[in-house]
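Engineer: What follows is a protein structure lacking sequence information:
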């Protein structure tokens with residue numbers, strides 16, 4: 001008599017149950033009659049959340065679709081982190097009950113795939129129970145919103161226990177201002193960022209221990225439950241990690257942890273809630289591809305309105321990266337070595353949100369052998385991604401995000417630069433990435449601080465004219481506000497230096513595009529200098545840059561047929577989300593322009609969105625719909641909005657009126 005599927009599922013749950021995972025098969029609740037999924041998998045450290053596994057017997061396309069459909073049903077459950085569809089080989093139905101566990105332990109032809117609300121997130125893979133356990137652990141690795149929520153609540157709770165004196169000391173360590181708002185007695189921001197750095201460091205410790213990359217590391221669960229000092233235990237573990245590598249991540253976390261005073265509730269009020277939250281998230285961090293620290297950083301720091309460093313939402317980062325690198329962007333997506341020779345730069349990278357989205361897009365486009373994906377990811381982190389930023393603490397967080405996604409990274413090959421901003425010890429005045437504008441040689445001649453295995457070393461980023469993609473969301477504020485964190489006497493010197501930079505640029509079109517009072521306007525000329533002969537520019541811009549009189553020279557730069565072919569402008573008219581950045585209500589557009597490679601410029605496509613997806617998966621679907629629309633198939637785009645085209649003659653020297661209205665008949669009128 002054939003084995004019933006529920007018997008197979010019970011045996012699979014038994015095989016998947018290990019020291020780190022607990023798996024339970026389907027059962028019916030006696031009181032409600034409700035059933036749970038075929039197998040629930042829970043991590044030891046995060047038992048409140050589960051991955052749903054739905055199984056079918058057989059490898060046909062019909063059985064695969066049925067398994068995917070069943071798995072998707074569970075994603076609406078609040079405590080379901082992710083879902084996996086599994087197909088047993090058909091011969092498993094002929095097993096005897098006594099042999100099921102042994103057969104499943106030895107099997108290597110389970111078909112499996114992660115599932116989200118739109119369907120499979122990748123090609124189906126074939127493997128055994130160990131592969132399924134890893135897939136179940138990774139099932140929600142890209143669910144950054146859930147991770148952000150859990151960590152954010154714990155960070156706020158923990159930071160409230162840090163007293164005013166310690167907060168001021170932390171501000172000095174982190175190079176942050178300590179300026180309570182009018183309705184505050186204590187500035188909470190330094191303490192919050194300190195807790196974020198410690199949480200990320202704890203996540204890294206968990207990952208390094210799991211990957212066995214640093215010998216002798218203790219389990220976070222043991223540290224959290226131990227009666228001895230958590231602070232001393234973490235200090236010892238982090239110093240052990242520091243001896244091996246990871247200085248840009250470990251050093252600031254160690255400085256913060258050493259500054260906390262045991263008598264001020266550090267053990268119970270600060271470290272306990274942080275470790276509890278980290279343990280809830282730790283199982284979901286393996287394989288993380290998107291930035292969870294960016295939204296936390298800007299939410300906790302609360303300075304976006306003051307320094308213009310608005311965080312690019314995860315959804316917008318994915319959308320912009322996918323549009324910048326469509327399938328035809330590379331002739332061959334199967335050559336991992338070739339892909340790791342690309343150069344992708346964000347000259348105002350913040351916590352690395354756009355860089356991580358770019359890496360994820362390249363990996364999603366990759367058509368080579370799946371076993372080479374890990375090497376490709378490591379190559380992207382070490383060789384392809386280049387981030388520049390004036391904020392040292394943002395570079396710390398970018399380094400941590402990249403490390404969590406690739407813990408085997410060689411820091412001496414990572415390309416994160418803390419761009420010098422202010423007046424240095426020699427009296428030299430620096431303006432961060434803006435100094436790229438007066439390059440006389442083929443590289444940026446001004447020395448910068450590069451994150452390496454031993455800390456920060458003085459080097460020059462070799463980028464001018466070499467980037468295949470510049471992807472950015474430049475700070476949107478007045479220069480005097482951006483420089484407010486500097487000492488008054490230094491602030492005046494930097495502002496004069498910035499005015500001088502605008503006057504000294506060699507390219508008249510660059511000089512015309514720069515408004516000396518707005519730092520954002522410096523970045524399009526900077527991108528023009530960085531991009532190579534066949535490169536692409538992708539940026540988030542305020543809507544006013546597309547239509548305002550002050551933006552005419554920048555628009556002229558982007559529609560100069562000798563420099564760029566303006567391919568795409570996407571503007572949100574979704575009154576719930578007219579923006580692509582978080583913590584702002586500024587109306588924004590996404591712009592994609594490429595170096596011209598055809599004799600005659602093609603029309604520019606303007607996409608007007610009535611629906612601006614808030615999630616990464618929604619953004620991927622929108623990107624596919626836009627790319628299909630560019631190829632002539634408008635059916636998918638109708639779910640999101642509409643499009644219009646304009647010739648170069650209709651754009652050059654004029655406002656881009658197609659961005660102004662959702663109803664294109666109004667724009668045409």
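Structural biologist: Received, thanks. All values derive from a computational prediction rather than experimental measurement.

Engineer: Please enumerate the strands of the stretch 551-669 of the chain.
Structural biologist: 565-572, 588-594, 604-609, 641-646 (DSSP state E, counting those that start in this stretch).

Engineer: can you put the ones you listed in TSV and add distance to residue 388?
Structural biologist: Placement of C-beta: from N, CA and C, glycine included. TSV is the format used below for these (distance: least, Cβ to Cβ, whole Å):
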stretch	distance to residue 388
strand 565-572	24
strand 588-594	20
strand 604-609	28
strand 641-646	33
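
Engineer: looking at these, which is closest to residue 167?
Structural biologist: Between residue 167 and those, the shortest separation by Cβ to Cβ is 33.4 Å, and it involves strand 588-594.

Engineer: How far does the strand or helix carrying residue 254 sit from its chain's centre?
Structural biologist: Here residue 254, judged by DSSP states H and E, is contained in helix 247-259. Here the centre of helix 247-259 is set off from its chain's centre by 22 Å, with Cα atoms, centre = their mean, to the nearest Å.

Engineer: And for stretch 625-644?
Structural biologist: That offset, for stretch 625-644, works out to 26 Å (Cα atoms, centre = their mean).

Engineer: again with stretch 156-168
Structural biologist: Taking Cα atoms, centre = their mean, one finds stretch 156-168 lying 28 Å from the centre of the chain it belongs to.

Engineer: So which bits of that stretch are buried?
Structural biologist: For stretch 156-168, the neighbour count (16 or more other Cβ atoms under 10 Å) marks 156, 157, 158, 159, 161, 162, 166, 167 as buried.

Engineer: Same question for stretch 182-194.
Structural biologist: Neighbour counts over stretch 182-194 (16+ other Cβ under 10 Å) mark 186, 187, 188, 189, 190, 191, 192, 193, 194 as buried.

Engineer: picking up where we left off before, can you pick out the ones from the buried residues of stretch 156-168 that are in strands?
Structural biologist: Applying DSSP state E to the buried residues of stretch 156-168, no entry is found in strands.

Engineer: and residue 176, how far is that from residue 351?
Structural biologist: 15 Å (Cβ to Cβ, to the nearest Å).

Engineer: More neighbours: which of the two?
Structural biologist: residue 351 (31 against 21; other Cβ atoms under 10 Å).

Engineer: ok, back up a step: show me the one of the strands of the stretch 551-669 of the chain that comes nearest residue 226.
Structural biologist: Residue 226 lies closest to strand 588-594 among the strands of the stretch 551-669 of the chain, at 47.9 Å (Cβ to Cβ).

Engineer: partners of that closest one, with directions?
Structural biologist: strand 531-542 (antiparallel), strand 565-572 (antiparallel) (DSSP bridges).

Engineer: still on that earlier bit, among the strands of the stretch 551-669 of the chain, which comes closest to residue 425?
Structural biologist: It's strand 588-594; of the strands of the stretch 551-669 of the chain, that one is closest to residue 425 (Cβ to Cβ) at 38.7 Å.

Engineer: pLDDT of the closest one, averaged?
Structural biologist: Mean pLDDT, strand 588-594: 96.

Engineer: Identify the residues contacting that strand?
Structural biologist: Contacts to strand 588-594, defined as Cβ atoms under 8 Å, 6 or more residues apart in numbering, come from residues 316, 319-320, 323-324, 535-543, 545-546, 558, 564-572, 578-581, 659.

Engineer: quick one: low-confidence ranges for the stretch 501-650 of the chain?
Structural biologist: 583, 599-600, 617 (pLDDT under 70).

Engineer: Which positions within stretch 59-75 qualify as buried?
Structural biologist: Buried positions in stretch 59-75, judged by neighbour count with 16+ other Cβ under 10 Å: 59, 63, 64, 66, 67, 68, 70, 71, 72, 74, 75.

Engineer: Can you name every helix or strand that the helix or strand hosting the fifth one contacts?
Structural biologist: In this case it means residue 67. Using DSSP H and E, residue 67 maps to helix 61-73. Packing partners of helix 61-73 (3 or more Cβ pairs under 8 Å, 6 or more residues apart in numbering; DSSP states H and E): strand 50-57, strand 80-88, strand 110-116, strand 119-120.

Engineer: and the third one, which strands flank it?
Structural biologist: Strand 110-116 pairs in its sheet with strand 80-88 (antiparallel), strand 119-120 (antiparallel), strand 125-127 (antiparallel), by DSSP bridges.

Engineer: Identify the residues contacting it?
Structural biologist: So strand 110-116 is in contact with 59, 64, 68, 71-72, 75, 82-89, 120-129, 131-132, 135, 138-139, 617, going by Cβ under 8 Å, 6+ apart.

Engineer: rerun that using 6 Å as the cut-off
Structural biologist: For strand 110-116, contacts defined as Cβ atoms under 6 Å, 6 or more residues apart in numbering pick out 59, 68, 71-72, 83-87, 120-121, 124-126, 132, 135, 139, 617.

Engineer: what's the next secondary structure element after the worst-scoring helix or strand of the chain on mean pLDDT?
Structural biologist: Between all helices and strands in the chain, the lowest mean by mean pLDDT, DSSP states H and E belongs to helix 304-307, at a mean of 45. Where DSSP H and E defines the elements, the next helix or strand beyond helix 304-307 is helix 314-324.

Engineer: got the angle between that following helix and strand 588-594?
Structural biologist: Comparing the axes of helix 314-324 and strand 588-594 via axes from the mean of the first three to the mean of the last three Cα atoms, to 10 degrees yields an angle of 20 degrees.

Engineer: Now do helix 314-324 against strand 604-609, angle only.
Structural biologist: Using the same axes, to 10 degrees: helix 314-324 against strand 604-609 is 160 degrees.

Engineer: closest one to residue 412 among the helices and strands packed on helix 61-73?
Structural biologist: Closest among the helices and strands packed on helix 61-73, using Cβ to Cβ: strand 110-116, at 33.5 Å.

Engineer: mind checking how far the closest one is from the chain centre?
Structural biologist: The answer for strand 110-116 is 24 Å, by Cα atoms, centre = their mean.

Engineer: Quick one: mean pLDDT for that strand?
Structural biologist: Mean pLDDT, computed over strand 110-116, is 89.

Engineer: ok, now stretch 448-467?
Structural biologist: The pLDDT scores in stretch 448-467 average 81.

Engineer: before we move on, what about stretch 9-27?
Structural biologist: Stretch 9-27 comes out at a mean pLDDT of 86.

Engineer: ends of stretch 237-250, how far apart?
Structural biologist: 10 Å (Cα to Cα, to the nearest Å).

Engineer: in that stretch, what's buried?
Structural biologist: Neighbour-count burial for stretch 237-250, counted by 16+ other Cβ under 10 Å, picks out 237, 238, 240, 241, 242, 245, 246, 247, 248, 249, 250.

Engineer: do the same with stretch 111-130
Structural biologist: So, applying 16+ other Cβ under 10 Å, buried residues of stretch 111-130: 111, 112, 113, 114, 115, 116, 120, 121, 124, 128, 129.

Engineer: Could you dump those into CSV and include distance to residue 94?
Structural biologist: As requested, the buried residues of stretch 111-130 are exported to CSV (distance: Cβ to Cβ, whole Å):
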residue, distance to residue 94
111, 18
112, 21
113, 25
114, 29
115, 27
116, 33
120, 28
121, 32
124, 23
128, 19
129, 19
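
Engineer: and the longest helix along the chain, how far out from the chain's middle?
Structural biologist: If you go by DSSP state H, the chain has its longest helix at helix 189-211. Relative to its parent chain, helix 189-211 has a centroid offset of 16 Å by Cα atoms, centre = their mean.

Engineer: List the buried residues of that helix.
Structural biologist: 189-210.
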